[in-house]
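A.B. asks: Model the structure of this input:
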Amino acid sequence: MPYQRPVTSRCYVTTFRKICDAFVEIIDDEVEQTFRNLKIHQFLKFPAFQQCIPLLYEILKFWNAADEGFVVNGHLLKFTSDEVSLLTGLPNRGDEIKWKVDPLTGPLSTDIKTEITKLDRLSVNATKIKTFIIFLLSNLFFPLNNHKTPRRLISIANNVNEFNSINWASCIRNFMVNEFNTIIDKFAMEKPLGYINGFFPLLLVSLFYYIYFISLRFDFWNTFPAINHPILNQDQGF
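C.D. replies: Numbers count the residues shown, from 1 in each chain. Have a look, this model is predicted:
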């Protein structure tokens with residue numbers, strides 16, 4: 001079989017968590033309460049773990065575009081917005097947005113990351129809230145391989161009420177499904193896989209729980225190659 005370059009991602013949850021750890025030191029109760037109201041306070045403590053591209057590469061091979069799920073040993077593991085909601089704490093309700101059709105005219109995700117690190121205790125709360133939301137959307141939910149940020153996401157970050165009206169669980173799920181389908185098409189055409197955009201670590205967590213609980217009845221662990229990673233280490237947990 002022709003060589004295929006392994007898939008790559010720009011979603012670095014370890015870096016995201018380090019920045020959040022510093023950010024929580026400069027915010028007050030008002031900012032924290034706003035994040036709780038928006039149902040995003042939990043991301044300040046989102047678990048940090050290193051990328052495991054070999055594991056991601058193996059998992060994506062099980063994706064079935066027709067069923068929109070992973071077929072492992074004959075069992076269909078559906079990837080739904082309910083599951084994204086369960087794993088992230090984001091409500092599975094609200095409006096769907098079509099932000100991908102908008103121009104990529106927002107600031108680079110790398111610049112947004114730099115901007116949030118420049119904030120301090122004296123920064124106004126509105127700026128802290130807006131900057132964190134933009135950071136969350138551009139660096140965790142929807143990181144793109146070109147580092148660009150759609151203009152629509154920037155406008156949402158500037159409007160707390162609009163942010164709260166959107167079904168982010170569904171948006172994340174649908175975006176990831178499109179990315180999975182793109183990767184599978186490249187597999188079939190034997191093309192370089194390139195980057196996978198979006199919140200891919202969520203896929204690793206999702207598959208871990210699926211496999212862990214189903215493995216109580218079926219021998220799923222042997223389906224995947226032996227890869228040393230915390231998510232597959234049952235002694236460490238997640």
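A.B. asks: residues in contact with the spatially most central residue of the chain?
C.D. replies: Residue closest to the average C-alpha location in the chain (CA atoms, centre = their mean): residue 199, at 1.7 Å. Remark: with contacts taken as CB atoms under 8 Å, 6 or more residues apart in numbering, residue 199 is in contact with 11, 140, 141, 142, 143, 172, 175, 176. C-beta here means a position set from N, CA and C on the backbone, and glycine is covered the same way.
A.B. asks: Would you list the phi and psi of residue 166?
C.D. replies: Backbone geometry at residue 166, expressed as degrees, to the nearest 10, gives phi -100, psi 140.
A.B. asks: Packing partners of whichever strand or helix holds residue 182?
C.D. replies: Element membership for residue 182, per DSSP states H and E: helix 168-189. Here helix 168-189 touches helix 53-60, strand 63-64, helix 81-88, helix 201-214, going by 3 or more CB pairs under 8 Å, 6 or more residues apart in numbering; DSSP states H and E.
A.B. asks: mind redoing it with 10 Å?
C.D. replies: In terms of contact count using 3 or more CB pairs under 10 Å, 6 or more residues apart in numbering; DSSP states H and E, helix 168-189 is assigned the packing partners helix 53-60, strand 63-64, strand 69-72, helix 81-88, helix 201-214.
A.B. asks: re earlier: of the contacts of residue 199, just say which sits nearest to residue 42.
C.D. replies: residue 140 (11.7 Å; CB to CB).
A.B. asks: What pLDDT is listed against that closest one?
C.D. replies: With respect to pLDDT, residue 140 has a value of 91.
A.B. asks: what do you get for the one 3 residues further on?
C.D. replies: Note for residue 143: predicted pLDDT of 86.
A.B. asks: Over to residue 149?
C.D. replies: According to the per-residue confidence, residue 149 scores 84 in pLDDT.
A.B. asks: Equivalent analysis for residue 105, please.
C.D. replies: The model's pLDDT for residue 105 equals 66.
A.B. asks: pLDDT weak spots in the chain?
C.D. replies: Counting by pLDDT under 70, the chain contains low-confidence ranges at 1-5, 99-105, 205-238.
A.B. asks: May I have the residues that are in contact with residue 164?
C.D. replies: Contacts of residue 164 were listed using CB atoms under 10 Å, 6 or more residues apart in numbering, and they are 37, 38, 39, 40, 91, 94, 156.
A.B. asks: which residue ranges form the helices in the protein?
C.D. replies: Ranges of helices in the chain, per DSSP state H, are 13-23, 29-37, 53-60, 81-88, 109-118, 125-136, 151-157, 160-164, 168-189, 201-214.
A.B. asks: can you list those in JSON lines and add distance to residue 68?
C.D. replies: Converted to JSON lines, those look like this (distance: least, CB to CB, whole Å):
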{"stretch": "helix 13-23", "distance to residue 68": "24"}
{"stretch": "helix 29-37", "distance to residue 68": "31"}
{"stretch": "helix 53-60", "distance to residue 68": "14"}
{"stretch": "helix 81-88", "distance to residue 68": "11"}
{"stretch": "helix 109-118", "distance to residue 68": "27"}
{"stretch": "helix 125-136", "distance to residue 68": "25"}
{"stretch": "helix 151-157", "distance to residue 68": "24"}
{"stretch": "helix 160-164", "distance to residue 68": "26"}
{"stretch": "helix 168-189", "distance to residue 68": "6"}
{"stretch": "helix 201-214", "distance to residue 68": "13"}
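A.B. asks: For residue 73, find the nearest of the ones you listed.
C.D. replies: When the helices of the chain are ranked by proximity to residue 73, the top entry is helix 201-214, at 8.9 Å, counting by CB to CB.
A.B. asks: just to revisit the earlier point, now the helices and strands packed on helix 168-189 in JSON lines, with mean neighbour count and distance to residue 194?
C.D. replies: Output for the helices and strands packed on helix 168-189, formatted as JSON lines (neighbours: other CB atoms under 10 Å; distance: least, CB to CB, whole Å):
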{"stretch": "helix 53-60", "mean neighbour count": "18", "distance to residue 194": "12"}
{"stretch": "strand 63-64", "mean neighbour count": "17", "distance to residue 194": "16"}
{"stretch": "strand 69-72", "mean neighbour count": "18", "distance to residue 194": "21"}
{"stretch": "helix 81-88", "mean neighbour count": "18", "distance to residue 194": "24"}
{"stretch": "helix 201-214", "mean neighbour count": "19", "distance to residue 194": "17"}
